[in-house]
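Student: Model the structure of this input:
(3 chains)
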Amino acid sequence: MPVESVVSAYLTGDSTITLLSRDSGGRRVVRQVPAEWVAYFKSSDLDEKITRDLRTSVYVRSLRVEGDWTRVGFVNRIARDDFCSDRRSFVSQLGIATYEADVSPIVRYMVDTNAPIAKPRRVYLDIETDSSRTFVQSKNGEARILSWVLVDEDERVQIGVLSEDTDRDEKRLLDLLWHALRPYDQIVAWNGDNFDFPVIFARSEQRGCEVNANDWLWLDFMVLFERMNKNASESGDEKTSMKLQDIGQAIVGEGKEPTPPEVIERFGDKPMGALTRPLWEAGGKWRDMLVRYMLQDGDLLRRIEKETGYIALLGTLCEVCHIFPNTRGINPTHQMDGFMLRLGLERNYHFATKQYRDIGEQYKGAIVVPIKAHGIERNVHVCDFSSFYPSVILTWNMSPETKVYVPPGQPRPNNVCLSPLTKVHFRTDVQGILPIAVSEFLRLRKYWSDLKAALPPGTDESQDANRKSTAFKVIANSFYGVLGTPYSRFFDPAIAESVTQCPVWMLVATIEEAEKRGWTCLAGDTDSAFIKGCSQEEFGAFVDWCNSVLYPRMLLEVGCKENKIKLAYEKAFDRLIYVTKKRYCGSWLHYKGTVATKDSKPEIKGMEYKRGDASALGRKLQAQVIDLLCGGLKLNGTTEVPTDQLVYFHDALLTAKKHVLDDPLTLDEIRISKSLSKPLREYVTRIKKDGMKGADLAHVGVAKILEGRGAEVSEGTRIEYIVVDGSCSPQKVIPAEDYTGGEVDRFYVWETHVYPPTQRLLEAAFPDEDWKGWLKVRPAKPRAVRQSKKRAQLPQSTALPEDHA
DNA sequence: AGCTCTGGCGACAGTA
DNA sequence: TACTGTCGCCAG
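Tutor: Below is the predicted model of the structure:
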């Protein structure tokens, strides 16, 4: 009998799993199965007496032998913990190791039955609450829900609006929502985990709605978007805000709708979201405008998904990993857990019980080669190792159960290989479970991308195949990280360090070989080397030689039996300017053999242009100079510095400087946006030597002000601010929302956020020119000693723009 | 409650 | 002024 696909599952009490699925007519089917609190043991670890004791214990529901393993099902969580988890537990006193004794019955069920994860019926949700309450009050369920909107994939729209300001009517509104949700399985909202979902739960409980939220999968689209979009965006412009309207604007070109003039006239100049209460109260056309606003947000979610396909990709990832596509399914550890537990079961392998441990020492990571690039470099060839970390895991057969100890000084056995920099040894005669997993990822990725190539483009089948291919790429790339986190079941710092250090060993050897040929390595990072001094043909031949001679020789020396390492000639730069490690820009000669054209955009890495915490003016000036350096500049010889053309740069600097110092500056141009990486309370205020409290970081101080105003301030919140006086320490800052147009320290803006990023770039490109002269714009401080006491205590008057103008 | 990693740059506050 | 430690964000 085929196992039905599962939409969602949750524990009902300690001993029952409720499984949700849908029949062919789309009706919900609820089924209950016993929850199994399972622990595995190695049968060889159990003697007859222990087995008998387990079998007859009232705490044990089932016991069976599966291959080399004994699978014991306990009656509930406490029974399993008492037997297995605690340090003083029954089995730990006997010194018996347990396996997977932490796995939840839900995961156990999904892994054991191999039940397919259903494709959930998705709906996008947006709610509005009473704007007379603060965000925090709303979030805590202290504000009435005024309205909700649902939009589904077929653009079917449902709306609920409060009729009267009573608990009774709010209950009607909520019951209506829960009823409207019944055809759907997955509920998607922007920032849902932090707002919409808890608000709905809290208000429904207050109103006495009889509903079980576990019947749905709750997905926070913002969390998913943040993770998936990290490497996708080109400039920093898209990274300054995670507000739905801003993301909508960046992704689908719509979202930032100004408040209609008639609304401003009647209710004041605020965003629509801050006017929900007055609009609702005014009724009639005003209430309709509120609904339209809400509708637009709901539909924005659908359109962002249509454009990005991120939720669909998550669905594929979760399907492959036997987990449910809710917010939790976004976590790589969770994904890997599901995938690996199933793989282990199929391969007769079980993983050690997950330990809760203290965060240990950091281990060594990748190598970043010191920069030798100087000025504008021409004709730079770049090679890189394809999927370096996965191929290293395969080549060294790195896995917890293949790891063996070989005492120092003792000869390496034949069936063992050595990670040369970490001195960790691995057996090579039996493939480890981690390499099995990695080869599965790579095999399945290839399978789906081949299938995608064979299918007609644009079809659903082709898109699905493409997503599966991407999903396996994502999993393969996150695998190493999961080895390195103490929160993961697969945490093994010795293996993780070997995964990073074998590449160090190979990259260093590659660079040495290139330099032996008289070439220069200008830069290199983790898996890449930037080489100058050779022709394309020579470099291509070098890459081939590395693959066919150098690496086989090196790997033979350390005993690897299989060579999955592959170096590729990725691209060449026509021009390349390195500012520092991890910060460079350049224009391509070719990419994987395809010759670049005049329209090819420059490649930009790490520079302020790419950063969401730089000021927009700083990004803009840097972008202009990058365009000049990588394209606009006419270079005659390969090394000649075109001093006659420096005038272009000086023009750009002059214009930018005049603008910063003299023109009105908009908020968008000068705002700084940084996120809180932890809850506000966890930022410790340092105590200074004199016993006084140290200053908060700028964005932390502003966050505290905003919190006082009732705004949402939590981990991950982006805080926007303006520096009004950067000449003192600590500097003075205000929330961006307080900016009215004048109160900004222009000198600081130029001297810190606009010019220096470009100055560093120009100094890198033209190291013989002097670029310092453009920096200082702040008039000299008046000598405080010559001032009267009163005058000296006034704020730095020169910092105010009026004085300059 | 649950959490992919390390290397590296630059802004900043504070100290000697 | 030079230096240290913290923080946020990016490269890979």
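
Student: Only C-alpha atoms from now on, for both contacts and neighbour counts.
Tutor: Will do.

Student: Walking through the stretch 351-500 of chain A, point out its strands one by one.
Tutor: Assigned by DSSP state E, counting those that start in this stretch, the strands in the stretch 351-500 of chain A fall at A:368-369, A:377-385, A:403-404, A:416-419, A:424-427.

Student: Just send the ones you listed back as JSON lines, with distance to A:Arg61, mean pLDDT and mean neighbour count too.
Tutor: Converted to JSON lines, the strands of the stretch 351-500 of chain A look like this (distance: least, Cα to Cα, whole Å; pLDDT from 0 to 100; neighbours: other Cα atoms under 10 Å):
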{"stretch": "strand A:368-369", "distance to A:Arg61": "55", "mean pLDDT": "97", "mean neighbour count": "18"}
{"stretch": "strand A:377-385", "distance to A:Arg61": "51", "mean pLDDT": "97", "mean neighbour count": "22"}
{"stretch": "strand A:403-404", "distance to A:Arg61": "35", "mean pLDDT": "96", "mean neighbour count": "18"}
{"stretch": "strand A:416-419", "distance to A:Arg61": "42", "mean pLDDT": "98", "mean neighbour count": "24"}
{"stretch": "strand A:424-427", "distance to A:Arg61": "38", "mean pLDDT": "98", "mean neighbour count": "24"}
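
Student: A:Gly694 is nearest to which of those?
Tutor: strand A:368-369 (34.9 Å; Cα to Cα).

Student: which residues are contacting that closest one?
Tutor: A:523-526, A:581 (Cα atoms under 8 Å, 6 or more residues apart in numbering).

Student: Out of the residues you listed, who's the most crowded?
Tutor: A:Gly524 (24 neighbours; other Cα atoms under 10 Å).

Student: On the three-state scheme, that one is what?
Tutor: strand (DSSP: H, G, I helix; E, B strand; the rest coil).

Student: What pLDDT is listed against it?
Tutor: Here the pLDDT value assigned to A:Gly524 is 98.

Student: repeat for A:Gln787
Tutor: Predicted confidence (pLDDT) for A:Gln787: 42.

Student: what's the spacing between the one residue in the stretch 51-200 of chain A that gets nearest to DNA strand B and A:Ala35?
Tutor: When distances are taken as Cα to the nearest atom of the strand, the stretch 51-200 of chain A reaches nearest to DNA strand B at A:Ser104, 9.6 Å away. Noted for A:Ser104: a distance of 9 Å to A:Ala35, by Cα to Cα, to the nearest Å.

Student: Comparing the two, which shows the higher neighbour count?
Tutor: A:Ala35 (25 against 15).

Student: for chain A, which spans come out with low pLDDT?
Tutor: A:1-3, A:86-88, A:359, A:637-640, A:781-805 (pLDDT under 70).

Student: Nearest residue to the middle of it?
Tutor: The residue lying closest to the centre of chain A (Cα atoms, centre = their mean) is A:Arg227, at 3.1 Å.

Student: My understanding was that A:Pro735 contacts A:Val700; is that so?
Tutor: No - applying Cα atoms under 8 Å as the test, A:Pro735 and A:Val700 come out as separate, 10.7 Å apart.

Student: Now do the strands in the stretch 601-750 of chain A.
Tutor: Counting by DSSP E, counting those that start in this stretch, the strands of the stretch 601-750 of chain A are A:603-605, A:672-675, A:718-725, A:732-735.

Student: whoops, I mixed them up, the stretch 151-300 of chain A
Tutor: A:157-161, A:186-189, A:217-220.

Student: closest to A:Ser85 out of the strands of the stretch 351-500 of chain A?
Tutor: Using Cα to Cα, those put strand A:403-404 closest to A:Ser85, at 24.7 Å.

Student: in its sheet, what does the closest one sit against?
Tutor: Strand A:403-404 has its sheet partners listed here by DSSP bridges as strand A:424-427 (antiparallel).

Student: Mind listing residues that contact the partner strand?
Tutor: Counting by Cα under 8 Å, 6+ apart, A:396-399, A:402-406, A:415-419, A:494-495, A:498 sit against strand A:424-427.

Student: What residues sit buried inside the one helix or strand A:Met110 maps to?
Tutor: Per DSSP states H and E, A:Met110 falls inside helix A:105-113. Neighbour counts over helix A:105-113 (16 or more other Cα atoms under 10 Å) mark A:105-111 as buried.

Student: same deal with stretch A:145-163?
Tutor: A:145-152, A:159-162.

Student: I'd like the residues you listed as CSV, with distance to DNA strand B appended.
Tutor: Listed next are the buried residues of stretch A:145-163 as CSV, based on distance: Cα to the nearest atom of the strand, whole Å:
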residue, distance to DNA strand B
A:Ile145, 26
A:Leu146, 29
A:Ser147, 29
A:Trp148, 27
A:Val149, 28
A:Leu150, 28
A:Val151, 29
A:Asp152, 28
A:Ile159, 32
A:Gly160, 32
A:Val161, 33
A:Leu162, 33
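
Student: Kindly reformat these as CSV and extend each row with distance to A:Asp574.
Tutor: CSV is the format used below for those (distance: Cα to Cα, whole Å):
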residue, distance to A:Asp574
A:Ile145, 59
A:Leu146, 59
A:Ser147, 57
A:Trp148, 55
A:Val149, 53
A:Leu150, 52
A:Val151, 49
A:Asp152, 49
A:Ile159, 56
A:Gly160, 59
A:Val161, 60
A:Leu162, 63
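
Student: which one among these gets closest to A:Asp68?
Tutor: A:Asp152 (48.9 Å).

Student: if I read this right, that closest one contacts A:Val123, doesn't it?
Tutor: Yes - using Cα under 8 Å, A:Asp152 makes contact with A:Val123 at a distance of 4.5 Å.

Student: Close to DNA strand C: what parts of chain A are there?
Tutor: A:230-231, A:236, A:239, A:366, A:525-528, A:582-583, A:604-607, A:610-613, A:673-678, A:683-684, A:697, A:718 (Cα under 7 Å from any atom of the strand).

Student: which among these are in contact with DNA strand B?
Tutor: Among the residues of chain A next to DNA strand C, DNA strand B is touched by A:366, A:582-583, A:697 when using Cα under 7 Å from any atom of the strand.

Student: which among the residues you listed end up buried?
Tutor: Buried among those (16+ other Cα under 10 Å): A:366, A:582.

Student: Farthest pair within the ones next to DNA strand B among the residues of chain A next to DNA strand C?
Tutor: For these, and using Cα to Cα, no pair is farther apart than A:Ala366 and A:Leu697, which are 30.3 Å apart.

Student: show me what contacts A:Lys516?
Tutor: Taking Cα under 8 Å, 6+ apart, one finds nothing in contact with A:Lys516.

Student: tell me which residues in whatever helix or strand comes next after the helix holding A:Met110 are buried?
Tutor: The C-terminal neighbour of helix A:105-113 among helices and strands, as given by DSSP H and E, is strand A:122-129. Judged by neighbour count using 16+ other Cα under 10 Å, the buried positions of strand A:122-129 are A:122-129.
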